[in-house]
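Trainee: Would you be able to build a 3D model of this:
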Amino acid sequence: MTEENIKRLRIDDKEVILVGTAHVSKQSAEQVKDVIESEQPDTVCVELDEQRFQSIREENKWKDMDIFKVIKEKKASLLMMNLLISSFQKRMAKQFGIKPGQEMIQGIDSAEEIGAELILADRNIQITFARIWKNVGFWGKAKLMTAIMGSVINKEEISEEELERMKSEDMLNSALEEFTRSFPTLKVPLIDERDQYLAQMIKSSPGNKVVAVLGAAHVPGILEQIKVDHNLELLNERPPKSSLPKIIGWMIPIMIIGIIITTLMMNPAAGMQQMIAWLLWNGTFSALGAALAFGHPFAVLTAFIVAPLSSLSPALAAGWFAGIVQTYFRRPQVQDFESLSEDVYSFKGFKDNKVTRILLVVIFSNIGSTIGTVIGGADVIRLFIQNL
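Mentor: Numbers count the residues shown, from 1 in each chain. Take a look at the predicted model:
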């Protein structure tokens, strides 16, 4: 790392020093230490939010996870996205002997050593993920889950060329790079909005001298965005829930029920055939999803029984029930939470860890139920048309 990574600017009477770091470089941590010790700033800003800061400070945070709460609050998919980042970082750490984010840890430690105020300048990662999630749609979500599993199964080593590229990239962007290529619009919540957020946090930090420790990819954007004011409340807003999915979610079951009732009135035998088709398609695909996630037999059975009913209500999901049953029969132990960050590095660990197994059961059961709804609904309509 050289002085080229350091940018100095003045904002009114405040001196701001941006240190563009490489997330996978030991030299970056050393440079952060040198800059903070030599500059003696009033404030040190780091590219972390409260959640990532706590994960650094409390390495055993997984022990306190309430898996029932995760399922109930519909956060299984978001937790899986977090595990994607963890798996990616583990892979680099194993190959290069590097602890990703070491430069941020050094920034925290150095700020404490000189008595500078520490500012967590990045946006909450869950808000960033929520804004990403909003932009991808159903098939995008399914593709993301595939990318997660692919990153776990992938054993290819990172090339030196890729390593050099990652040294100038944002950690989140590096981990989600393949996904952002498929969905270019994700650059806005992942990079652009965070540039704005970081810039506003840095320039509004207290003190006359501020050192900001940032991924090198953010520095050019921050140099531009720091010239204007940004509304942090707007950048912190979770995406509003559209009423359209809810309307469609209720219209489909109402239509299916209406078609079946109409068919029963015209031809009871055909109506019964429709009901059986709906039950079998929904139940089978949801159960198949649970089975592919290596779910407990009772979780698979639960998915089969619940899916045909939950598909008729947007307020319910077969995966929630299957996940709860999986948790009851395969309740995670302390060691499952303790080994979570290590287990997500391999397919075997992902499969054997009881926490990730529950998440997979929830997600795959829901995906299967959705596929079953599409096919079952088409079969119900086909039988209706045949009996007109």
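Trainee: Just the pLDDT at the residue nearest to G207 when sequence neighbours are not counted, thanks.
Mentor: Excluding the flanking residues, the one nearest G207 by CB to CB, 6 or more residues apart in numbering is D42, at 2.5 Å. The way it works is simple: take the backbone N, C-alpha and C, and place the C-beta from them, glycine included. D42 carries a pLDDT value of 96.
Trainee: next one: V210
Mentor: 96.
Trainee: Quick check: it vs E15, distance?
Mentor: Per CB to CB, to the nearest Å, V210 is found 7 Å from E15.
Trainee: If you count surrounding residues, which of the two has more?
Mentor: V210 (27 against 16; other CB atoms under 10 Å).
Trainee: May I see the buried residues of the helix of greatest length in the chain?
Mentor: If you go by DSSP state H, the chain has its longest helix at helix 354-386. Buried positions in helix 354-386, judged by neighbour count with 16 or more other CB atoms under 10 Å: 354-373, 375-377, 379-380, 383-384.
Trainee: Likewise for stretch 220-232?
Mentor: By neighbour count, with 16+ other CB under 10 Å as the criterion, the buried positions of stretch 220-232 are 221-222, 225-226, 230.
Trainee: Equivalent analysis for stretch 291-302, please.
Mentor: Along stretch 291-302, these residues count as buried under the neighbour rule (16+ other CB under 10 Å): 291, 293-296, 299-302.
Trainee: cool, stretch 190-205 as well?
Mentor: By neighbour count on 16+ other CB under 10 Å, the buried set for stretch 190-205 is 190-191, 193-203, 205.
Trainee: from those, which ones fall inside helices?
Mentor: In this view, the buried residues of stretch 190-205 that belong to helices under DSSP H are 193-203.
Trainee: Closest one of those to G271?
Mentor: If you rank these by distance to G271 using CB to CB, E193 comes first, at 51.4 Å.
Trainee: Look up the closest residue to that closest one, ignoring the ones flanking it.
Mentor: In space, not counting the residues next to it along the chain, E193 is nearest to L235; the distance is 5.7 Å by CB to CB, 6+ apart.
Trainee: N5 contacts Q31, doesn't it?
Mentor: Yes. At 6.9 Å, N5 and Q31 qualify as touching, with contact defined as CB atoms under 8 Å.
Trainee: Could you check which of the two has the larger neighbour count?
Mentor: For the pair N5 and Q31, the greater number of neighbours falls to Q31 (23 against 19), based on other CB under 10 Å.
Trainee: Next up, identify which helix or strand the more buried one is on.
Mentor: Element membership of Q31 [criterion: DSSP states H and E] is helix 26-39.
Trainee: Give me the distance between L234 and R123.
Mentor: 11 Å.
Trainee: any chance you could map the strands in the stretch 201-350 of the chain?
Mentor: Counting by DSSP state E, counting those that start in this stretch, the stretch 201-350 of the chain forms strands over residues 209-215, given from the N-terminal end onward.
Trainee: Stretch 5-17: which residues count as buried?
Mentor: Applying 16+ other CB under 10 Å to stretch 5-17 flags 5-7, 14-17 as buried.
Trainee: coming back round to it: let me know the average pLDDT across the longest helix of the chain.
Mentor: pLDDT averaged over helix 354-386 equals 91, rounded to a whole number.
Trainee: Please apply the same query to stretch 185-198.
Mentor: When pLDDT is averaged over stretch 185-198, the result is 87.
Trainee: Give me the distance between the two termini of that stretch.
Mentor: 20 Å (CA to CA, to the nearest Å).
Trainee: circling back: now the two most distant members of the ones in helices among the buried residues of stretch 190-205.
Mentor: Maximum pairwise distance in these, criterion CB to CB, is 16.3 Å, between E193 and K203.
Trainee: For the nearest residue to A291 once chain neighbours are set aside, report the pLDDT, please.
Mentor: With CB to CB, 6+ apart as the criterion, A291 has its nearest non-adjacent residue at 5.1 Å, and that residue is V300. The model reports V300 with a pLDDT of 96.
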